[in-house]
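S.K.: Structure here, sequence nowhere to be found:
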């Protein structure tokens, strides 16, 4: 009668940013509807490894568990993705959980992804409104324009596209696809376009859009299906036009 | 005092960020504290839209009608003047969000599109696909990032609020917070603080809320002397997707766009739902509430589903589930207006709701109660303000769909300037001994947990706690069960003294953090259970079969709980509701009001 079906998880653990990493294996009783987060919640309720050793609950980032806050990104069986939407029944076992490799590890599966938020400052990813007092309605926007902007605006800052990108590393200092796609979003907004020149200028030179090697991994892993490569090629064209134009104006 | 006031805002969802923007615009400086990077706050989960009576559909809608729907929907428990002010401000808030670049859905002419939501007969809800909260939060996050780059805002992300620092006159002079990585406990001075820490879904174990929505900050302040208002009013959303880790929301907008709720008429009918003919389906909401149909308010829809499942035994496959059906709607329209939520169902359940009716069941969703505040968002402790879901002001006994986003932003827009005004008139603080004392007190709490050597696993205790609260303090309430719940909560608080952390490291220790929250949740659980036990009537989301009617004579009152430190338990007093604008009338959605 006992249900013997189990789930095996191999989790890469690291106590702090300077510690060496090690693997721990867990075996959980299978039940329907499990995902990676619910499995780690179970481990927290009973933090014992597969070989019966007491351990600590796993440290990981999470919040909404609906794939809209962008917190729980990690490598699951080697792929950059969100843990909440990683259903156990759809994963090959043993399931390997690792922290992102291109961001500093805080502890276990939690990493520091603040670089993306800094990048968004650099490219002024906002609409420069005059103020919050009552200034009437915004610009008219056609349904077509809205339908083009909305998918770009669904970026959850999970950084999967950056983790998967071969060019995103310390050598290039590449800003990554997410930031470039936000530049496209704000440059196409009627009021946002006021800062277009500054945004494009921020993407010129080392670490800028030229570092993209067209591997297309970004669009492959994006959990929100954002047309990232399209954003890169569109913004790339504008960066070149602006750079060339500036050259002739000098 | 200060020409450039310093305000601390705790929480970076819609309410917190709205307050930050107003303060920065007024020349104040803000320290913004958040457990998660603010862009990851729970506001992103709001799906369907934001209400404002802009009357762009030629229906004769008005802000007064929005006000009336909100008061009526809340079963007359909300103080009316602030609700009226909110409804009047709503169209301007939508315009502002539009100017900030929120990609609201559009009409062919390029104007904002509006859809219907529960508890109203008007198309009053502006929306950005089915991820409106995400889009609104991002717009505010971007404006705050702009102020941050100008040096007007300093963010403390991955920090958790522990307590307010109160001086000997019980005036708030700052906060005590913990760095969630280094575990360092520190105090921060401020002229005033604004709490914007959201709802308390975690008290019910599984809910539609995010992981950070524990109510811990509100509970800490309640234990420090803030009143907690209407704690017993908890909204259970009728349409959620049951899950192992949480209950995922299936937005009311699914019904706003034409979704229909039904069950097979015959118990145990396990045919493929699409093969069940119309004549053998029971569209019970449409039958019971012909005027509003599937768009009755949430408390009504939730109780109807409970009745169908538990009294008529008509749950799908005998399980507590009913169908929410979109399959009769053109998939192209669904994609344009509901894509975000369809994607959630597809990803987390594995079925395509364009082709298969969804299986849903009610789940804990929203905290109508919260920190008691006056009409300026000020709590009873000078210098502490609150905005958003963590306070009690705008939704009475039941919140209408798409009113939460507007109440968050409006609350923040009131709280920010009110805090700046207060700070400008503030007298200098006497000494700073209170800062050291508060820090030491909190450090001691941490080290007690670290040393605690019992057998209780905090995460297991939480699971038990959540199941208890969900069983007895949600949809249907009985006094004997509520009293039993409170005594079990006392037992759990006792068991808490024998907690075992499993993790005693001093770095990014999520067990310590969670266990601290758990204590505060247990204390707040008692406020909910006892408040519900006292209120012998049925009103909005609070339903007692033994007292099935609303009782305005005895209970048209705000519940105000306060913590009695000596007794270590809540005490209660009651306050008249301001009904100066709309006289209470019976709330009946089976007829035109």
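M.R.: Yep, it's here. No experiment lies behind these values; they were computed from the predicted model shown.

S.K.: Every contact and neighbour count from this point should use C-alpha atoms.
M.R.: Noted.

S.K.: Report the secondary structure element holding residue B:291.
M.R.: If you go by DSSP states H and E, residue B:291 is not part of any helix or strand.

S.K.: Quickly note the distance from it to chain A.
M.R.: 31 Å (CA to the nearest CA, to the nearest Å).

S.K.: Do you know the pLDDT at that residue?
M.R.: Here, the pLDDT recorded for residue B:291 equals 94.

S.K.: per-domain residue ranges of chain A.
M.R.: A:6-111, A:114-249 (automatic domain parsing).

S.K.: Turn those into a markdown table, columns for distance to chain B and mean neighbour count.
M.R.: Listed next are those as a markdown table, based on distance: least, CA to the nearest CA, whole Å; neighbours: other CA atoms under 10 Å in any protein chain shown:
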| stretch | distance to chain B | mean neighbour count |
| --- | --- | --- |
| domain A:6-111 | 4 | 19 |
| domain A:114-249 | 4 | 19 |
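
S.K.: which outside residues touch stretch A:75-86?
M.R.: Defining contact as CA atoms under 8 Å, 6 or more residues apart in numbering or on different chains, one finds that stretch A:75-86 is touched by A:35-38, A:65-67, A:70-74, A:91-92, A:95-100, A:158, A:160, A:163-164, A:221-223, B:347-348.

S.K.: Any stretches of the chain with poor pLDDT?
M.R.: No chain specified, so I'll use chain A. Chain A contains residues with pLDDT under 70 at A:1-3, A:250.

S.K.: actually it's chain B I care about, not the one you picked
M.R.: Looking at chain B by pLDDT under 70, you get B:1-3, B:430-431, B:592-593.

S.K.: which residue ranges form the strands in the stretch 51-200 of chain B?
M.R.: Listed in chain order, the strands of the stretch 51-200 of chain B (DSSP state E, counting those that start in this stretch) span B:114-116, B:123-126, B:153-157, B:159-166, B:172-179, B:185-189, B:192-195.

S.K.: Is any residue of the fifth one near chain A?
M.R.: No. Applying CA under 8 Å from any CA of the partner chain, one finds strand B:172-179 out of contact with chain A, separated by at least 12.7 Å.

S.K.: quick one: strands adjacent to that strand?
M.R.: Here strand B:172-179 is paired, per DSSP bridges, with strand B:159-166 (antiparallel), strand B:185-189 (antiparallel).

S.K.: can you check the last one too?
M.R.: With DSSP bridges as the criterion, the sheet partners recorded for strand B:192-195 are strand B:6-10 (parallel), strand B:384-386 (parallel).

S.K.: how about residue B:522, what does it touch?
M.R.: Shown in contact with residue B:522 (CA under 8 Å, 6+ apart): B:203, B:465, B:489, B:492, B:493.

S.K.: Any idea how far the longest helix along chain A is from the middle of the chain?
M.R.: In chain A, with assignment by DSSP state H, the single longest helix is helix A:228-249. Offset of helix A:228-249 from its chain centre (CA atoms, centre = their mean, to the nearest Å): 24 Å.

S.K.: Contacts only, for the closest residue to chain A within the stretch 151-300 of chain B.
M.R.: Nearest residue of the stretch 151-300 of chain B to chain A (CA to the nearest CA) works out as residue B:210 at 4.3 Å. Contacts for residue B:210 (CA under 8 Å, 6+ apart) come out as A:63, A:64, A:65, B:42, B:201.

S.K.: measure the third one to residue B:44 for me?
M.R.: In this case it means residue A:65. As judged by CA to CA, to the nearest Å, residue A:65 and residue B:44 stand 11 Å apart.

S.K.: what does the last one give?
M.R.: When distance is defined by CA to CA, residue B:201 is 15 Å away from residue B:44.

S.K.: Equivalent analysis for the second one, please.
M.R.: Plainly put, residue A:64 is 8 Å away from residue B:44 if you go by CA to CA.

S.K.: Export the domains of chain A as TSV, with columns for distance to residue B:364.
M.R.: Output for the domains of chain A, formatted as TSV (distance: least, CA to CA, whole Å):
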stretch	distance to residue B:364
domain A:6-111	15
domain A:114-249	25
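
S.K.: Let me see the ranges of the helices in chain A.
M.R.: A:36-45, A:114-122, A:143-153, A:160-164, A:177-188, A:196-202, A:217-221, A:228-249.

S.K.: Determine the set of other helices and strands touching the fifth one.
M.R.: Under the contact criterion of 3 or more CA pairs under 8 Å, 6 or more residues apart in numbering or on different chains; DSSP states H and E, the helices and strands touching helix A:177-188 comprise helix A:114-122, helix A:143-153, helix A:160-164, helix A:196-202, helix A:228-249.

S.K.: any residues touching it, and which ones?
M.R.: Contact with helix A:177-188 is made by A:116, A:119-120, A:123, A:125-127, A:149, A:152-153, A:155, A:157, A:159, A:161-162, A:192-196, A:199-200, A:203, A:209, A:218, A:228-229, A:231-232, A:234-235, as judged by CA under 8 Å, 6+ apart.

S.K.: That one vs helix A:228-249, what angle?
M.R.: 60 degrees (axes from the mean of the first three to the mean of the last three CA atoms, to 10 degrees).

S.K.: Any idea how far helix A:177-188 is from the middle of the chain?
M.R.: Chain-centre distance of helix A:177-188: 14 Å, with CA atoms, centre = their mean.

S.K.: wait, does the helix or strand hosting residue B:33 contact chain A?
M.R.: In this structure, residue B:33 is located in strand B:29-34 according to DSSP H and E. No. Contact of strand B:29-34 with chain A is not found when judged by CA under 8 Å from any CA; the minimum separation is 12.3 Å.

S.K.: ok, now stretch B:491-502?
M.R.: Yes. Using CA under 8 Å from any CA, we find that stretch B:491-502 touches chain A at residue B:502.

S.K.: Look at that stretch and report the distance between its end residues.
M.R.: First-to-last residue span, stretch B:491-502, CA to CA: 22 Å.

S.K.: Quick check: residues of the stretch 451-593 of chain B near chain A?
M.R.: Counting by CA under 8 Å from any CA, the residues of the stretch 451-593 of chain B near chain A are B:457, B:458, B:459, B:460, B:502, B:503, B:507, B:508, B:509, B:510, B:511.

S.K.: Alright, that wraps it up for me.
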